[in-house]
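Visitor: Could you look at this predicted model? Sequence included:
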Amino acid sequence: MSPDHAPDELLTIGEMSRRTGVAVSALRYYESLELIASVRTTGNQRRFPRHMLRRVSLIAVAKNLGVPLADVQATFADVPLDRTPSHEDWQRASRAWKRQLEERRRGIERLELELTGCIGCGCLSMKACALLNPDDALAATGSGPRRLEGIPDE
């Protein structure tokens, strides 16, 4: 942080947008989801604490990677909005997010392995299904790609 900027400095929504590359409308939406927070001036204009830059940047990266906002909300649940988060606040959130991302990566890897022969019993390969899903037993558990949904890692 530049010595010209105080930790309690407030930024306009336009400044937040320019600094993070996130559209003003998205910032309003993130605020409505309580992912970020602002304070209001006497003229009812939004002002964002400088520490919101990190949150918005992490949200933008997550969005670009296809991470659902619900996952971001869960990760940020214990990171305070009303004060500058401590190093420990961010470490705790990072550990939780890392676990979520590792689980997501394992799911993508399982999908990648299945793509060549079968889509988890959707059913694209009758030959593979004779081995992996004899007599369409997975139909009893519901529709869609049952083998890829919620299976534990092997």
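Guide: Nice, I can see it. Numbers count the residues shown, from 1 in each chain.

Visitor: so what pLDDT did residue 125 get?
Guide: In this model, residue 125 is scored at 51, pLDDT.

Visitor: Repeat that for residue 106.
Guide: The per-residue pLDDT reported for residue 106 equals 88.

Visitor: what bits of the chain have low per-residue confidence?
Guide: Under the criterion pLDDT under 70, the flagged ranges of the chain are 1-7, 114-134, 144-154.

Visitor: residue at max distance from the center of it?
Guide: residue 135 (38.0 Å; CA atoms, centre = their mean).

Visitor: Can you tell me the SS state at that one?
Guide: Under the three-state scheme (DSSP: H, G, I helix; E, B strand; the rest coil), the conformation of residue 135 reads as helix.

Visitor: Residue 104 versus that one, what's the distance?
Guide: Distance, residue 135 to residue 104, by CB to CB, to the nearest Å: 32 Å. (C-beta placed from N, C-alpha, C; glycine too.)

Visitor: now residue 20
Guide: The spacing between residue 20 and residue 104, counted by CB to CB, is 23 Å.

Visitor: between those two, who's got more neighbours?
Guide: Each of residue 20 and residue 104 has its neighbours counted (other CB atoms under 10 Å); residue 20 has more, 21 against 15.

Visitor: Settle this for me: the more buried one is touching residue 60, isn't it.
Guide: Yes. With contacts defined as CB atoms under 8 Å, residue 20 counts as touching residue 60 at a distance of 6.1 Å.

Visitor: Just the element for the closest residue in space to residue 20 that isn't next to it in sequence, please.
Guide: Sequence neighbours aside, residue 56 is the residue nearest to residue 20 in space, at 4.5 Å (criterion: CB to CB, 6 or more residues apart in numbering). Of the helices and strands defined by DSSP states H and E, residue 56 is found in helix 52-64.

Visitor: quick one: contacts of the helix or strand just after that helix?
Guide: For helix 52-64, the following helix or strand on the C-terminal side (DSSP H and E) is helix 69-76. Contacting residues not belonging to helix 69-76 are listed as 33, 34, 35, 55, 58, 59, 62, 63, 93, 96, 97, 100 [CB atoms under 8 Å, 6 or more residues apart in numbering].

Visitor: Between helix 52-64 and the helix or strand that helix 69-76 is followed by, find me the angle.
Guide: The C-terminal neighbour of helix 69-76 among helices and strands, as given by DSSP H and E, is helix 87-114. Counting by axes from the mean of the first three to the mean of the last three CA atoms, to 10 degrees, helix 87-114 lies at 10 degrees to helix 52-64.
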